[in-house]
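K.L.:
Structural data only, the sequence is not supplied:
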Ligand SMILES: N[C@@H](CCC(=O)N[C@@H](CS)C(=O)NCC(=O)O)C(=O)O
């Protein structure tokens, strides 16, 4: 629900005009939220979350210029400049998963996650953290390593194929990462599962459940609103694909 476009110099600044009274019962008053963003990067998660929740936010980035968007993040003077960086009231915070949990816990306590006492909550929480803790971490470590030395055999360690296979197996029995319903865990998982295929780290054809899930979540109006606000020109600044990945199959013996 992005309605007001303020373009000052090259900064693209958007505001959702839905006001804080839309937050659910028991929710704390939402402070002003400004999302510092890089197109096509993890900061999309926070934009998507706010769109799903129909909560107000400002979005700051320079359209079509990742360098200028990053400079705006650095100008905030935070010790760890990365996207997303969110100005939350008078605090500056990083780490997309933590930002999502904070906003849900305080401002939308009954939304986008399974009930706390359900079995689905247990796996929901695992995926919330798996997205960055294991999935993105393994993908980017393979990407860097394979760029330096193309792989000939599968590593004996958990690799990109293994971390994606785990998600594929879960989705063979579950519609979403939160179980039956769309949740914040799906918001966390889209970025690394896109990275896995866009960077050529895994063969997309091996993971049909992941592909079907991606289509499902990306068709959501909230995701489409996120795209319109945060990636109006499509993907920019793509990293090159890996030249070679190891043959698929069992991992090497320990
Ligand atoms: N675990 C962090 C990762 C944040 C991160 O590394 N973001 C990337 C963009 S996707 C970034 O800021 N890269 C710029 C840089 O590292 O200089 C999160 O989930 O927020």
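P.N.:
On my side now, so go ahead. Small disclaimer: the values here were computed from a predicted structure and weren't measured.
K.L.:
got a list of what the closest residue to the ligand within the stretch 151-254 of the chain touches?
P.N.:
In the stretch 151-254 of the chain, no residue comes nearer to the ligand than residue 191, which is 7.1 Å away by Cβ to the nearest ligand atom. C-beta here means a position set from N, CA and C on the backbone, and glycine is covered the same way. When contacts are counted by Cβ atoms under 8 Å, 6 or more residues apart in numbering, residue 191 touches 41-42, 44-45, 131, 136.
K.L.:
now residue 177
P.N.:
Contact analysis of residue 177 by Cβ under 8 Å, 6+ apart lists 123-124, 127, 167, 170-171, 183, 185-186, 188-189.
K.L.:
how much space between the spatially closest residue to residue 232 that is not a sequence neighbour and the ligand?
P.N.:
Excluding the flanking residues, the one nearest residue 232 by Cβ to Cβ, 6 or more residues apart in numbering is residue 63, at 6.7 Å. Between residue 63 and the ligand the computed distance is 17 Å (Cβ to the nearest ligand atom, to the nearest Å).
K.L.:
Begin at 11 from now on, thanks
P.N.:
Yep, numbering from 11; the last one is residue 73 now.
K.L.:
tally of neighbours for residue 73?
P.N.:
Using other Cβ atoms under 10 Å, residue 73 has 16 other residues around it.
K.L.:
separation between it and residue 50?
P.N.:
Residue 73 sits 12 Å away from residue 50, going by Cβ to Cβ, to the nearest Å.
K.L.:
With residue 221 instead?
P.N.:
Taking Cβ to Cβ, one finds residue 221 at 19 Å from residue 50.
K.L.:
same check, this time on residue 188
P.N.:
24 Å.
K.L.:
got it, and residue 251?
P.N.:
Relative to residue 50, and taking Cβ to Cβ, residue 251 is found at 15 Å.
K.L.:
Between these two, point out the one with more neighbours.
P.N.:
Taking other Cβ under 10 Å, residue 251 and residue 50 do not tie; residue 50 has more neighbours (21 against 13).
K.L.:
so the more buried one sits in a strand?
P.N.:
No - in this structure, residue 50 is coil, not part of a strand, as judged by DSSP: H, G, I helix; E, B strand; the rest coil.
K.L.:
how close does it sit to residue 236?
P.N.:
Counting by Cβ to Cβ, the gap from residue 50 to residue 236 is 11 Å.
K.L.:
Residue 258 now?
P.N.:
Using Cβ to Cβ, we find residue 258 at a distance of 33 Å from residue 236.
K.L.:
Specify the residue ranges that define each domain of the chain.
P.N.:
As given by automatic domain parsing, the domain ranges for the chain are 12-117, 129-240.
K.L.:
Can you get me the start-to-end distance on the longest one?
P.N.:
Its start and end residues considered, domain 129-240 measures 34 Å (Cα to Cα, to the nearest Å).
K.L.:
Can you pull the residues of the stretch 11-160 of the chain lying near the ligand?
P.N.:
Proximity of the stretch 11-160 of the chain to the ligand, by Cβ under 6 Å from any ligand atom, involves residues 48, 51-52, 92-94, 104-107, 142.
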